[in-house]
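S.K.: give me the fold of what follows.
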Amino acid sequence: MAGRVAIIMGSDSDLPIMKDAAKILEEFGIEYEMTIISAHRTPERLHEYVKSIKDKGIEVIIAGAGGAAHLPGVIASLTTIPVIGVPIKSKLNGLDSLLSIVQMPPGIPVATVGIDNAKNAALLAIAILGIKYPEIAKKLEEYRKTMKKSVEEKAKRLEELGWKKYLEG
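M.R.: The predicted model follows:
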């Protein structure tokens with residue numbers, strides 16, 4: 001399927017969260033590459049990687065980072081490709097990461113999802129790709145229909161059983 005996404009994380013400790021983005025992209029058949037680049041510890045590698053990204057056909061970047069969480073913003077400052085930031089829970093329960101990513105200066109936007117929500121980052125990347133690729137948009141519509149059906153089935157079950165029996169399983 002068309003469309004390519006880069007998943008970048010600042011540390012391998014972010015992988016347990018960022019794997020969720022990879023799983024969703026795989027579910028949708030979207031090609032991606034995944035790597036570790038630290039904005040602070042490997043700035044030269046970051047600059048080289050971002051410079052080469054368009055030549056690789058990358059159309060959306062998902063960047064996860066914790067703490068100071070500068071990675072998504074630095075990436076966004078180096079490219080015009082859309083960047084989706086994933087704040088990773090850290091010392092201040094992820095609030096530090098969230099604020100670092102969401103409070104970008106005017107002119108350098110980073111789309112930001114909830115703390116540790118790499119799954120939503122992948123779904124946002126898919127929605128962005130769906131603008132250009134109708135087959136991706138169609139798969140996203142089907143995904144959402146499946147979610148809707150699941151909620152409707154759960155609602156019906158709850159209404160029939162009542163909350164106590166519903167929770168008993």
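S.K.: what is residue 88 paired to in the beta sheet?
M.R.: residue 66 (DSSP bridges).
S.K.: let me see the contact set for it.
M.R.: By C-beta atoms under 8 Å, 6 or more residues apart in numbering, the contact set of residue 88 is 9-10, 14, 17, 64-66, 69, 94, 97, 115-116. In short, each C-beta sits where N, CA and C put it, glycine included.
S.K.: now with 10 Å?
M.R.: Contacts for residue 88 (C-beta atoms under 10 Å, 6 or more residues apart in numbering) come out as 9-11, 13-14, 16-18, 64-67, 69, 71, 94, 96-98, 101, 115-116, 118.
S.K.: tell me which element residue 8 falls in.
M.R.: Element membership of residue 8 [criterion: DSSP states H and E] is strand 4-9.
S.K.: strands paired with that strand, and their directions?
M.R.: Counting by DSSP bridges, strand 4-9 is paired with strand 31-36 (parallel), strand 60-66 (parallel).
S.K.: among these, which is the most enclosed?
M.R.: strand 60-66 (a mean of 27; mean count of other C-beta atoms under 10 Å).
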